[in-house]
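Novice: Return atomic coordinates for the entry below.
(2 chains)
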Number of protein chains: 2
Amino acid sequence: MKKFLNRPENFVLESVSGFAESHADFVAMNPAPLYLRRRSPKRKGVAVISGGGSGHEPLDIGYVGTGMLDAACPGAVFTAPTPGQVVAAAESVARADGVVLIVKNYVGDLKSFELARDMLDLPVSWVLVNDDVAGVGPDHPAGRRGIAGTVIVEKIVGAAAERGMSLTDCKRVGDKANQATATMSVALTSCSVPGAAATFEIGAHEMEMGVGLHGEPGRTRIPTMSANEIASALVEQISEDLQFRQGGAVLLFTNGLGGTPLGELYLLHAAARAELMRRGVEVKRSLVGNYATSLESAGASLSVCTLDDELLGLWDAPVRTVALRW
Amino acid sequence: MKKFLNRPENFVLESVSGFAESHADFVAMNPAPLYLRRRSPKRKGVAVISGGGSGHEPLDIGYVGTGMLDAACPGAVFTAPTPGQVVAAAESVARADGVVLIVKNYVGDLKSFELARDMLDLPVSWVLVNDDVAGVGPDHPAGRRGIAGTVIVEKIVGAAAERGMSLTDCKRVGDKANQATATMSVALTSCSVPGAAATFEIGAHEMEMGVGLHGEPGRTRIPTMSANEIASALVEQISEDLQFRQGGAVLLFTNGLGGTPLGELYLLHAAARAELMRRGVEVKRSLVGNYATSLESAGASLSVCTLDDELLGLWDAPVRTVALRW
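Specialist: Okay, here's the model as predicted:
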């Protein structure tokens, strides 16, 4: 796979440095251990930290800023950050009010964040993200994976912390957002880690349902379908998990995996929105774009978050980060 | 090429409808003739309109909003809008102060906008964008193409109009921004129009220098190079055009063609920035992302805009659109 790349082993540091230089009004970078934090850390209140493998940009570094993350720790490509990164990031931004760690449900991420938690001399709380309803098999012993729904959870917890909510409440709304969110994804092509071959191959007339964010094979491989049929299939899977109420209001988040044009994402979003309306569900908020990617994969995920007044208010709260602003 | 698609002939309308539904707080859509306008049109002042083939999203529809475009006319994929679209868009948003049409330098776009200009009973001015320094051949009789620099020109003219500058001054700063901007691009892969085969093929170890925004072949095909070497080659070409002053300040815009991961764009941006610094040029502002795309092409362009105080002030002025906000 052709890439804009110098030496594969320098990819993450060069890329994150470019990000930090370009957005010096939002973030400051610590090179070793590597983390990004808000340029002007909060004086008080709960700090919110996330992190994970690189290759999902703008997740998580693009969400550092007012109303979302206080710091993010980018690991190697598709590899969890080290405990040392998490500890250093937390110590640079956390105050007496403590820190919430937002962790995607993968074995490596859990291990790193658990070790970091034990090393921190601070009140630490924890929100696990496991929004993927693809029903993964025994190769994922941690269970349901955390994928695009992470963006929603980070936004909700960040807004809560910005409002001055307690550590307990920040965790409560984070857990609520995670439970209210279900994601199902589809890939048309795989991707390749810099310096490596493609993770897997998908045939010219096939697509992979239920892929994760790491170019990993999904649940089933089926012949390509129309966008309307894909939207129906993804919404059906999400619906089995969330058990929509008639007349309920949701956030619909159509996320690109990195290699799909924006025009196709909007077309898929319109199809998913129509499918939800047929099921009596009101799409009250929309988010469309490449927000949690898998390098250059062509593909998309649909996330649905059922909104109560508290979640809607936190979603609508002002946010000022590189990748999400309103 | 696998795509999220229903019927190819419905692609643009379904996609633009999805965009308009998702961003109803920013834009309103007129389905036939197709255009998008600000949800709340300006009461007075110069209106700014652009448009062009679809497949370049977020260009131009993502730039409709406060401080940038008043309306945008999306044509069929890689095809100029009709004069009727431009006329209808202009009549819906233009006031007595007149309208600036921002036109990319392609034969089809010129013809449509010229016809529209003749049909409009309004003061009409014109900014031509031709930032591409690839030095295209006889297959582009209009001369230098308008590519990613369009985003810069639209931002500058939009800010001028929002400030209440006259039609004459809006045109003046638009022409100045265009003349101050040079873009050079490189593609690692081509793309395919919905329902059609790939526009051209690039070998597994080759890249195409000087491509445009329509998946069209470029100026030279060369073996792949490192990101640092690519940045140097692109900056060299730009430098021959702009003739940098020592100590001059520029905006550096690293644009993805649609299929390149954000992490690679930031890495390329850092390399280009370093190359400009070696030439004694200060990168005072940065923009990095997929802002003017070519469907799913993997590739990127570098645009450099030399900034004087007026252009810097207009660039920094507040903007509130779907794709650009500060």
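
Novice: Is the closest residue to residue A:314 other than its chain neighbours in a helix, a strand, or coil?
Specialist: In space, residue A:314 comes closest to residue A:159 once its chain neighbours are excluded; the distance is 4.1 Å by C-beta to C-beta, 6 or more residues apart in numbering or on different chains. The way it works is simple: take the backbone N, C-alpha and C, and place the C-beta from them, glycine included. What DSSP: H, G, I helix; E, B strand; the rest coil gives for residue A:159 is helix.

Novice: what about residue A:159, how many residues close to it?
Specialist: For residue A:159, the neighbour count with other C-beta atoms under 10 Å in any protein chain shown is 24.

Novice: What of residue A:180?
Specialist: Counted with other C-beta under 10 Å, residue A:180 comes out at 21.

Novice: what do you get for the one 3 residues further on?
Specialist: As a burial measure, the neighbour count of residue A:183 was computed by other C-beta under 10 Å and equals 34.

Novice: Please apply the same query to the one 10 residues further on.
Specialist: Residues near residue A:193, counting by other C-beta under 10 Å, number 22.

Novice: Quick one: residues contacting the closest residue to it other than its chain neighbours.
Specialist: Ranked by C-beta to C-beta, 6+ apart and with sequence neighbours excluded, the top spatial neighbour of residue A:193 is residue A:77, at 4.9 Å. Residue A:77 makes contact with A:11-12, A:53-55, A:193-194, A:295, according to C-beta atoms under 8 Å, 6 or more residues apart in numbering or on different chains.

Novice: Just list the residues touching residue A:95, thanks.
Specialist: So residue A:95 contacts A:42-45, A:47 (C-beta under 8 Å, 6+ apart).

Novice: one more time with 6 Å
Specialist: residue A:44 (C-beta atoms under 6 Å, 6 or more residues apart in numbering or on different chains).

Novice: do the same with residue A:178
Specialist: With C-beta under 6 Å, 6+ apart as the criterion, the residues that contact residue A:178 are A:129, A:153.

Novice: Check which helix or strand it maps to.
Specialist: Under the criterion of DSSP states H and E, residue A:178 resides in helix A:167-180.

Novice: Which positions in that helix come out as buried?
Specialist: Residues of helix A:167-180 classed as buried: A:167, A:169-178, A:180 (neighbour count, 16 or more other C-beta atoms under 10 Å in any protein chain shown).

Novice: Residue numbers of chain A in contact with chain B?
Specialist: Applying C-beta under 6 Å from any C-beta of the partner chain, we find that chain A lies next to chain B at A:2-6, A:14-15, A:17-19, A:22, A:57, A:188, A:224, A:226-228, A:258-259, A:261-264, A:266-270, A:286, A:288, A:295-296, A:325.

Novice: Restricted to buried residues, select those residues in PyMOL.
Specialist: Buried subset of these, written as a PyMOL selection, criterion 16+ other C-beta under 10 Å:
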select buried, chain A and resi 2+3+4+5+6+14+15+17+18+19+22+57+188+224+227+228+258+259+261+262+263+264+266+267+268+269+270+286+288+295+296+325
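
Novice: Which of the residues of chain A next to chain B fall within helices?
Specialist: Mapping the residues of chain A next to chain B onto helices (DSSP state H) picks out A:14-15, A:17-19, A:22, A:227-228, A:262-264, A:266-270.

Novice: can you pull out the helices in the stretch 51-200 of chain A?
Specialist: Along the stretch 51-200 of chain A, counting by DSSP state H, counting those that start in this stretch, helices occupy A:83-93, A:107-119, A:149-162, A:167-180.

Novice: From the rest of the structure, what touches the second one?
Specialist: Read that as helix A:107-119. Here helix A:107-119 makes contact (C-beta under 6 Å, 6+ apart) with A:52, A:80-81, A:83, A:86-87, A:101, A:103, A:124, A:142.

Novice: buried stuff in that helix?
Specialist: For helix A:107-119, burial by neighbour count (16+ other C-beta under 10 Å) applies to A:108-110, A:112-113, A:116-117.

Novice: So what angle separates the directions of it and helix A:83-93?
Specialist: On the basis of axes from the mean of the first three to the mean of the last three C-alpha atoms, to 10 degrees, helix A:107-119 is oriented at 50 degrees to helix A:83-93.

Novice: just how off-centre is helix A:107-119 within its chain?
Specialist: Mean C-alpha position of helix A:107-119 versus that of the full chain (C-alpha atoms, centre = their mean, to the nearest Å) differs by 18 Å.

Novice: can you check the first one too?
Specialist: Mean C-alpha position of helix A:83-93 versus that of the full chain (C-alpha atoms, centre = their mean) differs by 20 Å.

Novice: Same question for the third one.
Specialist: Here the centre of helix A:149-162 is set off from its chain's centre by 10 Å, with C-alpha atoms, centre = their mean.

Novice: Residues contacting that helix, please?
Specialist: Identification of contacts with helix A:149-162 by C-beta under 6 Å, 6+ apart yields A:45-46, A:48, A:50, A:63, A:67-69, A:100, A:102, A:104, A:129, A:131, A:170, A:173-174, A:177-178, A:181, A:183, A:291-292, A:303, A:305, A:314, A:317.

Novice: Likewise for stretch A:254-262?
Specialist: By C-beta under 6 Å, 6+ apart, stretch A:254-262 touches A:148, A:265, A:268-269, A:288, A:290-302, B:57, B:258-259, B:261, B:295-296.

Novice: What is the end-to-end distance of stretch A:16-29?
Specialist: This stretch, stretch A:16-29, spans 8 Å end to end (C-alpha to C-alpha, to the nearest Å).

Novice: residue contacts, the residue nearest to residue A:282 when sequence neighbours are not counted?
Specialist: Counting by C-beta to C-beta, 6+ apart, the nearest residue to residue A:282 once its immediate chain neighbours are dropped is residue A:249, at 4.8 Å. Under the criterion of C-beta under 6 Å, 6+ apart, the neighbours of residue A:249 are A:282, A:284, A:307.

Novice: Among those, which lie within strands?
Specialist: A:282, A:284 (DSSP state E).

Novice: On the pLDDT front, check the residue nearest the centre of chain A for me.
Specialist: Residue closest to the average C-alpha location in chain A (C-alpha atoms, centre = their mean): residue A:150, at 3.4 Å. As predicted, residue A:150 sits at a pLDDT of 98.

Novice: How about the one 10 residues further on?
Specialist: You'll see residue A:160 listed with a pLDDT of 98.

Novice: cool, residue A:247 as well?
Specialist: For residue A:247, the model assigns a pLDDT of 78.

Novice: Likewise for the one 3 residues further on?
Specialist: With respect to pLDDT, residue A:250 scores 97.

Novice: That one sits in which helix or strand?
Specialist: Counting by DSSP H and E, the element that carries residue A:250 is strand A:249-256.

Novice: List the pairing partners of that strand within its sheet, with orientation.
Specialist: Strand A:249-256 has these partner strands in its sheet, going by DSSP bridges: strand A:282-289 (parallel), strand A:299-306 (antiparallel).

Novice: Contacts for the following helix or strand past the last one next, please.
Specialist: Per DSSP H and E, the first helix or strand lying C-terminal to strand A:299-306 is helix A:309-316. Contact with helix A:309-316 is made by A:156, A:159-160, as judged by C-beta under 6 Å, 6+ apart.

Novice: Repeat the analysis, applying 7 Å as the threshold.
Specialist: Outside helix A:309-316, the residues within contact range by C-beta atoms under 7 Å, 6 or more residues apart in numbering or on different chains are A:155-156, A:159-160, A:173, A:176-177, A:180, A:251, A:285, A:305.

Novice: Among those residues, list the two that are farthest apart in space.
Specialist: Between any two of the contacts of helix A:309-316, the greatest separation by C-beta to C-beta is 17.1 Å, found for A:160 and A:285.
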